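Trainee: next one to model:
(one chain, ligands or ions: 2)
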Amino acid sequence: AIMPTLLSGIANGARQGILFKNGAQLEKIGKVRAIAFDKTGTLTTGQLQISQVIAVSEYSQADVLKAAAALESSSEHPIGKAIVQAANDLDWVRGVEVQAIPGQGITGIVNNQKVIVGKVAFIQQHLTQLPEELLDLAQSLEQEGKTVVWVAQAEQVMGAIAIADTIRTEAVASITRLRKLGIAEIVMITGDNQRTADSVAQAVGISRVYAELLPEDKLDVIRSLQKQYQTVAMVGDGINDAPALAQASVGIAMGVAGSDVALETADVVLMADKLEKIATAIKLGRRSQSIVK
Ligand code: ADP
Ligand code: MG
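Mentor: Ligands and ions are numbered 1, 2, ... in the order given. Here you go, the predicted structure:
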């Protein structure tokens, strides 16, 4: 039977918007020594805004947005949602044979042409020659913390879309709180590129950044943190975070921004996406241990 102290800890968490799926997780979170944070949708709101559309060769900005929206209308990725919203007033048709590749991008057929949308490395898997000026421009946008998504059609680059995210207002204070609790290591793990990741990490006060990770790579980072710190928490929201959330000693999902898979996989859910509740959860966990012993 579940200990009354655990039950009161769980009830206490629930009142503060922290959902523990079971009592064992309440105890375990008290022992956490390292925490890995996803970036998009976790440290940031994930409510992305298109800040710039760049078209190359014969294409217009509208062409770029329309081709991207045709595929992204089938995606539940925050990038996809932002692109579809930006293309709202344009006339486009939904693509067919659409395939989303987690952590990479999306492909499909639009007007009988193969369209590819995604990170530069993903475009490079399909296309070798990328316009030099666009590579340079993309790099400088990434240094500003923007995510740049490339759009190609029929083996030709059409352009790119720069997307801006917003860091959650409580992110800095939440990280500070966790350090004050004595958490030994706090890292960021993201599928986004290194420049964008570094810019966000610096803004929130995280110095160790693992970027350009595929979902399995995120899992590997958790595993290596576990070798060093034993009890490791992972905080994430996306489908791409699910393997890492499952591997972590304590998987923590964002309740509002979180995808269904993330919510199902996690042990703890932050009901209102409030990052400062992670420190609260750790305190509750520590208290439950000291009472039990
Ligand atoms: P994060 O770890 O920051 O949540 P993801 O792993 O979901 O990011 O994605 C990593 C990168 O892959 C994105 O920054 C983007 O460049 C690309 N990407 C992933 N999904 C899509 C998509 N649906 N459309 C376009 N690009 C995508
Ligand atoms: Mg995410």
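Trainee: show me where the stretch 1-150 of the chain has its helices.
Mentor: 4-15, 23-29, 61-72, 78-86, 120-126, 132-143 (DSSP state H, counting those that start in this stretch).
Trainee: what residues of the third one count as buried?
Mentor: Which is helix 61-72. Asp63, Val64, Leu65, Lys66, Ala67, Ala68, Ala69, Ala70, Leu71, Glu72 (16 or more other Cβ atoms under 10 Å). C-beta here means a position set from N, CA and C on the backbone, and glycine is covered the same way.
Trainee: the closest residue to ligand 2 within the stretch 151-293 of the chain - nearest residue in space that isn't next to it in sequence?
Mentor: Proximity of the stretch 151-293 of the chain to ligand 2 (Cβ to the ion) peaks at Gly238, 3.8 Å away. Counting by Cβ to Cβ, 6 or more residues apart in numbering, the nearest residue to Gly238 once its immediate chain neighbours are dropped is Ser259, at 5.6 Å.
Trainee: quick one: that neighbour and Thr265 touch, right?
Mentor: No. Contact criterion Cβ atoms under 8 Å: Ser259 and Thr265 do not qualify, at 9.6 Å.
Trainee: ok, Asp273 - contacts?
Mentor: Arg168, Met254, Gly255, Val256, Ala257 (Cβ atoms under 8 Å, 6 or more residues apart in numbering).
Trainee: between those, which sits nearest Ile278?
Mentor: Met254 (10.7 Å; Cβ to Cβ).
Trainee: burial check on the closest one, number of neighbours?
Mentor: Close neighbours of Met254, defined as other Cβ atoms under 10 Å, add up to 28.
Trainee: check what pLDDT it gets.
Mentor: Turning to Met254, the model gives it a pLDDT of 96.
Trainee: for it, give the beta-bridge partners.
Mentor: On the basis of DSSP bridges, Met254 is bridged to Leu270.
Trainee: give me the distance between it and Ala211.
Mentor: Met254 sits 20 Å away from Ala211, taking Cβ to Cβ, to the nearest Å as the criterion.
Trainee: and His77, by the same measure?
Mentor: From His77 to Ala211 the distance is 17 Å (Cβ to Cβ).
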